[in-house]
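# Sequence and predicted model, in that order:
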Amino acid sequence: MTPEVREAPSLDDRFAAAMGQCLGPDFPAEIGLAVSGGGDSMAMLALAHNWTKRWGVRLRVVTVDHGLRPGSADEARLVAEECRVLGWPHDTLKWTGWDGQGNLQDAARRARLSLIDGWRQGMRDVLFAHTADDQAETLLMRLRRGSGVEGLSGMAQIREAGAMRIVRPLLDERRDALRFYLRVMRIPFADDPSNEDTGFERVRMRKLLADLDEAGLGVEALTGTARRMARAGEALKARAADIAARLTRLDWGQIVIDRDGFAETERDTQMRLLAASLRFVAGGAYRPRADALEALLDSALSGKGGTLGGAALHVEAGEMRIVRELNAVETMEITAGSGTLWDGRWRIEGPEINGLSVRALGTRGWSQVTPKPQTGPRFRQALSLPAVFRGETLVACAALEFGPPHTCRFEAPAPSLSGFVLSH
């Protein structure tokens, strides 16, 4: 009997399977697509368009024009025209914030996410066209930096970025397969000349990857490693969440860690707990670099503490406390009762304070608190907490039970550090 020969799934079939895995079975009514005009994202637009014919999901498309190259506006118009042909709404967002300082690609990436987050207007899921090639390049970049399990897990297929959910349905697809699809379907796309600029680290890794492929260390091998690292990372994350539940507590937006229990914990879990605490308190979008985190951990274990990522670690008798770094918030100011969150996480309002200024307590505010409360945050712990001022006069500080009663609520990124570890 002749064995049945089954055809390999088409790219459209594989895309549909990936969408089902990421978002099914109850698909949202509306999904966003981040489309630059390059080959990968234009293929994603075509695939998503075909997929919606079956599932009836509405699409909204956005292009971020960073304005860094002469052709960027033309690429945005290319996307807009393709969306017009397909019948989907399209918006172009322009970034004008580059000051010529720091890492351009990192700044552009952060700006892109921030602009798209503001654009989505309540829509949760936004598709990004990262491919297996992108994953392999990312792994090489992180390997060069000495990343551990977390970094070598690569990009996740689904990532929570605040209230926005980043979805990568093409993460198992090769770039060449998408280019072939575009040629067959005669779909227009733009080639970004910066993809040949070896001044960018990712481009250098892309060229290195071509050489490594000849030695058997190509995209498939690297992405396979990333998947296995991700599985290991999930187990380590569960361990860290368990330790967080037993050793930590939340106090006025600060994380308090049992010092003795922490010292007895294995180092990888210490690193994860410390990284999560820093991000929980300071609102960091990304885990700190491994070398900086290792240095802070060593300092903490020796009883010295330190600062990292907008947070400060104080080592005290029996406990370690992670607080917001005063330097990171001392210039922040909002109006009480305006609806704006101070430092992006504190809601301050009340009939007797609305209209007054909310700033970090600082040393000037602390000096005006008399008498000092017997309980609550002490001097170093209190300086970066929110307080209400009229001019330079301290009016209220809820953490120190000073001034008229008012709402001072920390809107935490998760109910507990343990939950934060599992969800981030």
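All right, it came through fine.
# For residue 7, give me the pLDDT.
At residue 7, the pLDDT value in this model is 75.
# Next, count neighbours for it.
6 (other CB atoms under 10 Å). In this view, the C-beta of every residue, glycine as well, is placed from N, C-alpha and C.
# now do the one 5 residues further on
The local packing count at residue 12 equals 14, with neighbours defined by other CB under 10 Å.
# Doesn't it belong to a helix?
Yes: counting by DSSP: H, G, I helix; E, B strand; the rest coil, residue 12 is part of a helix.
# in the stretch 251-400 of the chain, which spans are helices?
For the stretch 251-400 of the chain, the helices defined by DSSP state H, counting those that start in this stretch cover 259-263, 267-282, 290-301, 326-329, 362-367, 379-382.
# Give me the contacts around the last one.
Looking back up the chat, that one is helix 379-382. 252, 254, 314, 321, 323, 361, 366, 376, 397, 399, 400 (CB atoms under 8 Å, 6 or more residues apart in numbering).
# so which of those comes closest to residue 352?
Nearest to residue 352, judged by CB to CB, of the contacts of helix 379-382 is residue 397 at 13.5 Å.
# Excluding chain neighbours, what is closest to the closest one?
Nearest-residue entry for residue 397: residue 387, 4.1 Å, with adjacent residues in sequence omitted and distances by CB to CB, 6 or more residues apart in numbering.
# and that neighbour, what are its bridge partners?
As for beta bridges, residue 387 partners with residue 359 under DSSP bridges.
# follow-up on the earlier one: for the contacts of helix 379-382, give me TSV that also has neighbour count, pLDDT and distance to residue 239.
Listed next are the contacts of helix 379-382 as TSV, based on neighbours: other CB atoms under 10 Å; pLDDT from 0 to 100; distance: CB to CB, whole Å:
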residue	neighbour count	pLDDT	distance to residue 239
252	18	96	28
254	24	97	23
314	17	97	26
321	22	97	23
323	25	98	26
361	27	98	36
366	20	97	39
376	17	85	33
397	25	97	38
399	20	96	32
400	22	96	37
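# Specify which residues of this protein, grouped into ranges, have pLDDT under the cut-off.
1-6, 98-102 (pLDDT under 70).
# domain assignment for it?
11-221, 327-410 (automatic domain parsing).
# okay, those in a markdown table with distance to residue 292 next?
Below are those laid out as a markdown table (distance: least, CB to CB, whole Å):
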| stretch | distance to residue 292 |
| --- | --- |
| domain 11-221 | 11 |
| domain 327-410 | 15 |
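# And those domains: which comes nearest residue 287?
domain 11-221 (6.2 Å).
# and the longest strand seen in the chain, how far from the chain's centre?
Determined from DSSP state E, the single longest strand within the chain is strand 58-65. With CA atoms, centre = their mean, to the nearest Å as the basis, strand 58-65 stands 20 Å off its chain's centre.
# so what does the helix or strand that comes right after it touch, helix or strand wise?
As assigned by DSSP states H and E, the chain's next helix or strand after strand 58-65 is helix 72-86. If you count contacts as 3 or more CB pairs under 8 Å, 6 or more residues apart in numbering; DSSP states H and E, helix 72-86 packs onto helix 39-55, strand 58-65, strand 90-94.
# List of residues touching the second one?
What it means is strand 58-65. By CB under 8 Å, 6+ apart, the list of residues contacting strand 58-65 reads 29-37, 45, 48-49, 52, 72-73, 75-76, 79-80, 83, 88-95, 111-112, 115-116, 119-120, 123, 126.
# Swap in 6 Å and give it another go.
Strand 58-65 is contacted from outside by 30-35, 48, 72-73, 76, 79, 83, 88-94, 112, 115-116, 119, using CB atoms under 6 Å, 6 or more residues apart in numbering.
# follow-up on the earlier one: make TSV out of the contacts of helix 379-382 and add distance to residue 419.
Listed next are these as TSV, based on distance: CB to CB, whole Å:
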residue	distance to residue 419
252	18
254	17
314	24
321	20
323	20
361	28
366	32
376	25
397	28
399	23
400	28
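# Inside strands: which ones of those residues?
Per DSSP E, the contacts of helix 379-382 map to strands at 254, 314, 321, 323.
# gap between the closest residue in space to the first one that isn't next to it in sequence and residue 350?
If you skip the residues right next to it in sequence, residue 254 has residue 323 as its closest partner in space, 4.7 Å away by CB to CB, 6+ apart. Distance of residue 323 to residue 350, given as CB to CB, to the nearest Å: 24 Å.
# now swap in residue 258 and tell me
34 Å.
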